[in-house]
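Colleague: Sequence and computational prediction follow.
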Amino acid sequence: MTVASVAPTNQSSVVVSLFSGVLDSSHAAGAISGRLSYHSSVFTIMATIPQLPAETLEEIIDHLHDDRLSLLACSFASSKLIAACRYHLFSEVALKSPEDMDSLLQLLDVEWGTVAVFISRLIIKNGNANRSRCSTPSPSPLSTKTYTIRDPTSLVAKLSGVFTIRFVNLSFAGIPAHFWSLLNTMKSIRAVEASQMMFNAHFFGFVCRLPMLETLSILQCPWDQAPNSPSIEADGVSKLLLPRRDADLPTVYFPILDAGMAYDVQDFTDMSMVFKWMLTQCPVPLVRTLRVALDCGPCMLDSIKRYLEIAGDMIQELHIVLPTSFVALRNMDTTIDFSSCINLRAVHIEGLNITHQTSTLGVGNVDVFFQTLFLQLFSPPHPLLRKITISLDLDFKHNAYSFFGIPDYVALQAFSWCSLPRVLEETLQSLPGGPERMHVGIKICGKIAAKDRDIERMCIEENLKGGLWRGFSERDSLDVEFLRHALALDLDN
């Protein structure tokens with residue numbers, strides 16, 4: 001039979017290796033037990049200990065969930081441990097290349113195989129860390145042909161326990177056609193996750209063919225207009241034809257939809273296609289966490305506005321990405337009306353890049369912008385919103401102060417914070433419940449010298465809470481957190 005090896009990882013995932021061989025089970029057991037010689041005591045113990053309840057054995061195996069070598073040793077120690085060990089070894093399978101996909105197919109496509117029933121999650125990613133995101137993994141030069149599935153019907157039945165598929169850092173074309181064919185016949189899928197995947201109309205066709213699909217997450221996925229994408233002719237213009245799900249199927253739910261990508265370079269990036277696809281569905285998919293960039297361009301803004309008008313009341317968490325330039329913020333011709341998001345639990349504002357020079361720019365259109373935004377977010381009916389988080393990319397340095405030896409945290413007292421504290425407090429004062437209804441979190445991402453870092457952070461926090469943010473601090477409704485890197489949404493969090 002063809003055997004795929006298991007590589008140790010921190011997650012409960014299995015990476016199918018790029019080699020195969022003809023080994024029987026006894027040889028496999030000998031090879032693995034030889035590699036794991038320091039685990040040989042497991043075999044002796046299993047032969048001498050009294051009979052233990054199945055629940056006790058399962059608890060022991062569960063304790064080894066992240067110890068790949070011990071799980072392999074235990075799986076050969078006793079037939080009673082095989083099921084529990086295989087659950088941890090194979091519940092999540094990660095495939096990093098077309099060769100990995102073929103190796104997995106060879107492992108599962110046998111009459112007597114039982115590994116497939118333990119797989120509940122497939123991760124398909126580009127395993128080459130040196131490649132750029134959304135790239136297409138190339139087959140190995142040693143790979144001359146793809147694997148032909150012996151019994152597709154039986155294999156699909158064995159994989160009926162796969163409920164989640166995640167695509168990470170690859171293009172649609174990076175997945176071989178025969179593997180896509182298998183994915184299209186797996187009707188048990190309930191969750192699809194895509195992160196940094198270059199996708200097109202065929203991806204939505206795959207999504208629409210999943211009858212049990214419940215959740216779809218999309219983060220930072222650029223659009224690729226494939227040459228053979230379905231289209232229709234209207235008035236001499238070719239128009240992309242987006243597939244639709246059957247109206248009788250369950251409503252698709254987005255735990256996360258990230259439309260807050262950087263659009264300064266968007267030669268092939270157009271997340272508005274996601275919203276256009278959503279707006280063609282009946283019923284319209286629902287979004288729980290939405291991240292939007294306000295400088296994403298008129299096409300994207302129009303799509304987001306239309307979606308918020310239809311389903312904005314279903315969004316529970318909102319991430320708003322502002323332009324890093326205050327000049328761009330002041331000069332924005334149009335923005336999004338968030339008044340329809342009446343069931344928000346939390347709002348996160350990010351993207352502000354504040355220095356000693358820009359912190360005084362909170363006048364004119366900038367003030368008006370924040371006043372309008374806060375009124376939209378906090379005005380009734382918004383009874384559930386109790387927390388707002390503001391992430392600031394902060395530059396503490398001031399050359400004039402540094403020249404005279406004034407510490408950065410002392411110079412921070414001169415910050416006006418672009419009038420954010422004043423505008424936020426005044427807006428809340430005019431609403432039912434006043435400022436007491438809101439908890440404010442400040443997340444600061446900035447360069448702090450490694451020397452005496454903890455002391456400097458403490459001094460910065462004290463200056464911040466004793467300055468313009470004092471009102472929120474005195475009400476014990478202000479949190480300050482220091483970040484090493486800018487915030488980013490993640491499929492796991």
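Modeller: Alright, I've got the coordinates.
Colleague: so where do the strands sit in the stretch 351-493 of the chain?
Modeller: Along the stretch 351-493 of the chain, the segments classed as strands by DSSP state E, counting those that start in this stretch run 387-394, 439-445, 478-483.
Colleague: Dump those strands to TSV, plus distance to I82 and mean neighbour count.
Modeller: Yep, even glycine has a C-beta here, placed from its N, CA and C like the rest. Output for the strands of the stretch 351-493 of the chain, formatted as TSV (distance: least, Cβ to Cβ, whole Å; neighbours: other Cβ atoms under 10 Å):
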stretch	distance to I82	mean neighbour count
strand 387-394	47	20
strand 439-445	47	19
strand 478-483	45	16
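Colleague: Mean pLDDT added to those strands, as CSV?
Modeller: Shown next, in CSV, are those (pLDDT from 0 to 100):
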stretch, mean pLDDT
strand 387-394, 82
strand 439-445, 84
strand 478-483, 84
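Colleague: Nearest to T289 among these would be which one?
Modeller: Ranking the strands of the stretch 351-493 of the chain by proximity to T289 (Cβ to Cβ) places strand 387-394 first, at 13.1 Å.
Colleague: Now do that closest one and strand 478-483, the angle between them.
Modeller: Relative orientation of strand 387-394 versus strand 478-483 (axes from the mean of the first three to the mean of the last three Cα atoms, to 10 degrees): 40 degrees.
Colleague: and strand 387-394, what other elements does it pack with?
Modeller: strand 346-354, strand 439-445 (3 or more Cβ pairs under 8 Å, 6 or more residues apart in numbering; DSSP states H and E).
Colleague: Make TSV out of these and add distance to P152.
Modeller: Shown next, in TSV, are the helices and strands packed on strand 387-394 (distance: least, Cβ to Cβ, whole Å):
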stretch	distance to P152
strand 346-354	45
strand 439-445	50
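Colleague: Of these, which is nearest F374?
Modeller: Of the helices and strands packed on strand 387-394, the one closest to F374 (Cβ to Cβ) turns out to be strand 346-354, at 9.4 Å.
Colleague: Surely T289 is in a strand?
Modeller: Yes - according to DSSP: H, G, I helix; E, B strand; the rest coil, T289 belongs to a strand.
Colleague: who does it bridge with?
Modeller: Under the criterion DSSP bridges, T289 forms beta bridges with I256, E317.
Colleague: Contacts only, for it.
Modeller: F254, P255, I256, L257, I315, Q316, E317, L318, H319, L489 (Cβ atoms under 8 Å, 6 or more residues apart in numbering).
Colleague: can I get those in CSV with pLDDT, neighbour count and distance to E350?
Modeller: As requested, the contacts of T289 are exported to CSV (pLDDT from 0 to 100; neighbours: other Cβ atoms under 10 Å; distance: Cβ to Cβ, whole Å):
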residue, pLDDT, neighbour count, distance to E350
F254, 93, 21, 20
P255, 92, 16, 19
I256, 88, 22, 15
L257, 89, 26, 16
I315, 94, 23, 17
Q316, 93, 16, 18
E317, 93, 19, 13
L318, 93, 23, 11
H319, 92, 23, 7
L489, 56, 18, 10
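Colleague: Read off the pLDDT value for Q429.
Modeller: On the pLDDT scale, Q429 is placed at 82.
Colleague: The residue lying closest to it once chain neighbours are set aside: neighbouring residues, count only.
Modeller: Nearest residue to Q429, sequence neighbours excluded (Cβ to Cβ, 6 or more residues apart in numbering): P435, at 6.3 Å. Using other Cβ atoms under 10 Å, P435 has 17 neighbouring residues.
Colleague: need the contact list for P435.
Modeller: P435 sits in contact with E425, L428, Q429, G471, F472, R475, S477, where contact means Cβ under 8 Å, 6+ apart.
Colleague: What of S272?
Modeller: G297, C299, M300, D302, S303, I304 are the contacts of S272 under Cβ under 8 Å, 6+ apart.
Colleague: Now do the first one: how many residues are near it, please.
Modeller: In this case it means G297. 14.
Colleague: Just want the phi and psi numbers for it.
Modeller: phi 100, psi 150 (degrees, to the nearest 10).
Colleague: What confidence value was assigned to it?
Modeller: So, for G297, pLDDT stands at 76.
Colleague: Tell me the spacing between it and W417.
Modeller: Taking Cβ to Cβ, to the nearest Å as the measure, G297 falls 28 Å from W417.
Colleague: just the third one next, same as before
Modeller: Distance check for M300 against W417: by Cβ to Cβ, it reads 29 Å.
Colleague: Helices along the stretch 201-350 of the chain, start to end?
Modeller: For the stretch 201-350 of the chain, the helices defined by DSSP state H, counting those that start in this stretch cover 201-208, 272-280, 298-311, 326-330.
Colleague: how about these in TSV, adding distance to D246?
Modeller: Output for these, formatted as TSV (distance: least, Cβ to Cβ, whole Å):
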stretch	distance to D246
helix 201-208	8
helix 272-280	13
helix 298-311	19
helix 326-330	43
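Colleague: now do the same end-to-end measure for stretch 413-427.
Modeller: One end of stretch 413-427 to the other measures 23 Å (Cα to Cα, to the nearest Å).
Colleague: Any buried residues in it, and which?
Modeller: F415, S416, W417, C418, S419, L420, P421, R422, V423, L424, E425, T427 (16 or more other Cβ atoms under 10 Å).
Colleague: which non-adjacent residue is nearest the last one?
Modeller: Going back to what we said before, that points to T427. F374 (4.1 Å).
Colleague: got the contact list for that neighbour?
Modeller: Counting by Cβ under 8 Å, 6+ apart, F374 has contacts V423, L424, T427, L428.
Colleague: can you rerun that using 7 Å?
Modeller: V423, L424, T427 (Cβ atoms under 7 Å, 6 or more residues apart in numbering).
Colleague: just those now: which is nearest I61?
Modeller: L424 (52.1 Å).
Colleague: Not counting residues beside it along the chain, what's closest to that closest one?
Modeller: Closest to L424 by Cβ to Cβ, 6+ apart is F374, at 6.1 Å.
Colleague: before we move on, the earlier item: among the helices and strands packed on strand 387-394, which is nearest A328?
Modeller: strand 346-354 (10.3 Å).
Colleague: so what strands line up beside the closest one?
Modeller: Sheet pairing of strand 346-354 (DSSP bridges) gives strand 317-321 (parallel), strand 387-394 (parallel).
Colleague: Other residues contacting it?
Modeller: Contacts of strand 346-354 (Cβ under 7 Å, 6+ apart): 317-324, 377, 385, 387-394, 418, 487.
Colleague: I'd say H202 and S171 touch.
Modeller: No - counting by Cβ atoms under 7 Å, H202 does not reach S171; the two are 11.3 Å apart.
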